[in-house]
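**Student:** Structure of the sequence below:
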Amino acid sequence: MQERRNLHRKNLAVYSRVFDRSSGRVLGYLSDLTEKGAMIISDSPMLEDVNINLRFDLPDPELFSTDHLNMDARVAWCSPDLDPAFYNVGFEFTSISLSERKLIDEVIAAYEFRRDTPDYPTSPSSL
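**Tutor:** Have a look, this model is predicted:
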């Protein structure tokens, strides 16, 4: 499958629950997030091209202005995880307000895994 992502994924160090707002059912746990969409880890597969109203629980309400983020999204893809008991589900946000974008940026800044590699000295074996 060709990679169509415009923004690099931001893997999060904290897994937040993600709900279907219509049914209240837990869909899975947030794995990564961008301003364009999100990926969750779920124990159930989801049909692609289905619109869904999502609610993301935020891990530290004192850090943010709210304890959750509501987003309307489309299931962009679903594939089995490395662990056969789970599925990776990608969502594309169908609309995003300025305040939602700001909150997403704050969540990413607070909880993104740091991908920088330390400046270790050159290994003697590589000389």
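
**Student:** wait, doesn't residue 71 sit right on residue 56?
**Tutor:** Yes. Contact criterion CB atoms under 8 Å: residue 71 and residue 56 qualify, at 7.0 Å. All C-beta atoms are positioned from the backbone trio N, CA, C, and that covers glycine.

**Student:** can you map out the helices along the protein?
**Tutor:** 98-111 (DSSP state H).

**Student:** low-confidence ranges in the protein?
**Tutor:** 1-15, 61, 113-127 (pLDDT under 70).

**Student:** again, only using 50
**Tutor:** 1-3, 5-13, 113-117, 120 (pLDDT under 50).

**Student:** By residue count, which strand of it is the longest?
**Tutor:** strand 68-80 (DSSP state E).

**Student:** quick one: strands adjacent to that one?
**Tutor:** strand 51-57 (antiparallel), strand 87-93 (antiparallel) (DSSP bridges).

**Student:** Would you point to the one among those that's packed deepest?
**Tutor:** Stretch with highest mean neighbour count among the strands paired with strand 68-80: strand 87-93 (a mean of 20; mean count of other CB atoms under 10 Å).

**Student:** what's next to the longest strand of the chain, contact-wise?
**Tutor:** For strand 68-80, contacts defined as CB atoms under 8 Å, 6 or more residues apart in numbering pick out 1, 21, 37-38, 45-58, 86-96, 100, 103-104, 107.

**Student:** again with stretch 47-57
**Tutor:** By CB under 8 Å, 6+ apart, the residues outside stretch 47-57 that reach it are 16-22, 27, 30, 38, 67-78, 91, 94.
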